[in-house]
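Enquirer: Below are the sequence and a predicted model; questions follow.
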Amino acid sequence: MSRRSLLLGTAAAGALTAVGAAGCGRVPSGDALARLKSQGTVRLGIAGEVPYGYVDDQGEFTGEAPELARVIFKRLGIDRVQPVATDFASLIPGLNSQQFDVVSAGMYINKERCAQVVFADPEYQMLDSFIVRKGNPKNLRTYEDVVRAKARLATGTGYAEIGYAVAAGIPEKEIVILQDQVAGLNAVESGRVDVFAGTALTAREVVRKSTRAEATEPFAAVVDGKKQIDGGGFAFRPTDTDLRDAFNVEIHKMKKSGELLRILKPFGFTESEMTTLTAEELCEK
């Protein structure tokens, strides 16, 4: 079950082309933090997805990851963050082949990824939510409700929600797979499906201007009797634990002071997305 990703815009794809030829050598050893301070620039891999890291209408890189990275890395003595966009599946391979120095793209921390990279503690946690017709006429608030009501469910390509729906008893062949949450909203509004499953953040953002659909209250999917609460964080090469540890020190200060929420809030994050989960806990899921 993977983090979801969207198609890149033209500007993002151009940024990938520019960097693609740049770095495929041997991974350098030594003190990563000292090396990046000396260079003055850290390359940040993102996946072109709102609200995590994307190119805005003015052609500028923004999102919760680039904005958070700019604050933290400046405090670590690295003045410039250079976001580099690629498709989601290329982020970890690109990190380990030196196309980027660090990755943050709303990437969920899980056991499979923890075998390939080292994660900072998550800057947010994420529950699920449904996009449904106004008034939620079928009273759909959990995947079990979808089974009970025999409702037609859709979700996005590569979304973790596919696995959650299957675990609740919805046959995978009956799940409608759409490109993203915008397509999901359109499908619900037109009546082609009864419900679209996504993250709480993306669901509430996409229905904000809709007069025919709404987002349900956030909930934790249940798999094998255990509630599933995902967390997303910055990923580093396994050799760069010094950089990861320094990053962790700063992000914990920001959590304690409330600064983290202030930075993430303009991108739709709320107090309910703040978390005390650790990367170690999520790596064991």
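Expert: Perfect, I can see it now.

Enquirer: can you count the residues close to the nearest residue to residue 110 once chain neighbours are set aside?
Expert: Distance criterion CB to CB, 6 or more residues apart in numbering; nearest residue to residue 110, sequence neighbours excluded, is residue 285 at 5.7 Å. To be clear about C-beta, it is placed using only N, CA and C from the backbone, and glycine gets the same treatment. When neighbours are counted by other CB atoms under 10 Å, residue 285 registers 17.

Enquirer: likewise residue 78?
Expert: Residue 78 has 21 nearby residues by other CB under 10 Å.

Enquirer: Check residue 26 and give its pLDDT.
Expert: The model reports residue 26 with a pLDDT of 44.

Enquirer: To clarify, my last question referred to residue 2.
Expert: 43.

Enquirer: what's the spacing between the nearest residue to residue 39 once chain neighbours are set aside and residue 86?
Expert: Distances taken as CB to CB, 6+ apart place residue 78 nearest to residue 39, at 7.8 Å, with adjacent residues excluded. According to CB to CB, to the nearest Å, residue 78 stands 21 Å off from residue 86.

Enquirer: Next: residue 212.
Expert: For residue 212, the distance to residue 86 - CB to CB - is 35 Å.

Enquirer: now swap in residue 135 and tell me
Expert: Residue 135 is 41 Å from residue 86, by CB to CB.

Enquirer: Neighbour count: those two, which is higher?
Expert: residue 86 (25 against 8).

Enquirer: correct me, but that one touches residue 43?
Expert: No. Contact criterion CB atoms under 8 Å: residue 86 and residue 43 do not qualify, at 11.2 Å.

Enquirer: which residues do the two both contact?
Expert: residue 99 (CB atoms under 8 Å, 6 or more residues apart in numbering).

Enquirer: one step back: pretty sure the residue nearest to residue 39 contacts residue 36?
Expert: Yes. Using CB under 8 Å, residue 78 makes contact with residue 36 at a distance of 5.1 Å.

Enquirer: which residues do those two both contact?
Expert: Residues within reach of residue 78 and of residue 36 at once, by CB under 8 Å, 6+ apart, are residue 42.

Enquirer: which SS state does the spatially most central residue of the chain fall under?
Expert: By CA atoms, centre = their mean, the chain has its centre lying nearest to residue 106, at 1.8 Å. Classification of residue 106 using DSSP: H, G, I helix; E, B strand; the rest coil returns coil.

Enquirer: What residue, apart from its backbone neighbours, is nearest it spatially?
Expert: residue 52 (3.5 Å).

Enquirer: And for the one you found, the neighbour number?
Expert: 24.

Enquirer: list the contacts for it?
Expert: Taking CB under 8 Å, 6+ apart, we find residue 52 in contact with 46, 63-65, 104-106, 232, 267.

Enquirer: The same query, at a cut-off of 6 Å, please.
Expert: 63-65, 105-106 (CB atoms under 6 Å, 6 or more residues apart in numbering).

Enquirer: next one: residue 239
Expert: Residue 239 sits next to no residue when contact means CB under 6 Å, 6+ apart.

Enquirer: contacting residues for residue 213?
Expert: Residues near residue 213 by CB under 6 Å, 6+ apart: 131, 185, 188-189, 207.

Enquirer: Hmm, I typed the wrong one, I wanted residue 75.
Expert: By CB under 6 Å, 6+ apart, the residues touching residue 75 are residue 250.

Enquirer: distance of it from residue 218?
Expert: 31 Å.

Enquirer: What are the contacting residues of stretch 224-234?
Expert: Taking CB under 6 Å, 6+ apart as the rule, stretch 224-234 contacts 102, 104, 106-109, 119-120, 122, 124-126, 220-221, 275, 277, 282.

Enquirer: Take those residues and keep only those in helices.
Expert: Using DSSP state H, residue 282 are the members of the contacts of stretch 224-234 that sit in helices.

Enquirer: List buried residues within the contacts of stretch 224-234.
Expert: For the contacts of stretch 224-234, a burial check counting by 16 or more other CB atoms under 10 Å picks out 102, 104, 106-109, 119-120, 122, 124-126, 220-221, 275, 277, 282.

Enquirer: So what's the residue count around the residue lying closest to residue 255 once chain neighbours are set aside?
Expert: Nearest non-adjacent residue to residue 255, counting by CB to CB, 6+ apart: residue 274, 7.1 Å away. Applying other CB under 10 Å, we find 16 residues neighbouring residue 274.

Enquirer: Also the one 10 residues further on?
Expert: Taking other CB under 10 Å as the neighbour definition, residue 284 ends up with a count of 10.

Enquirer: Okay then, goodbye and thanks.
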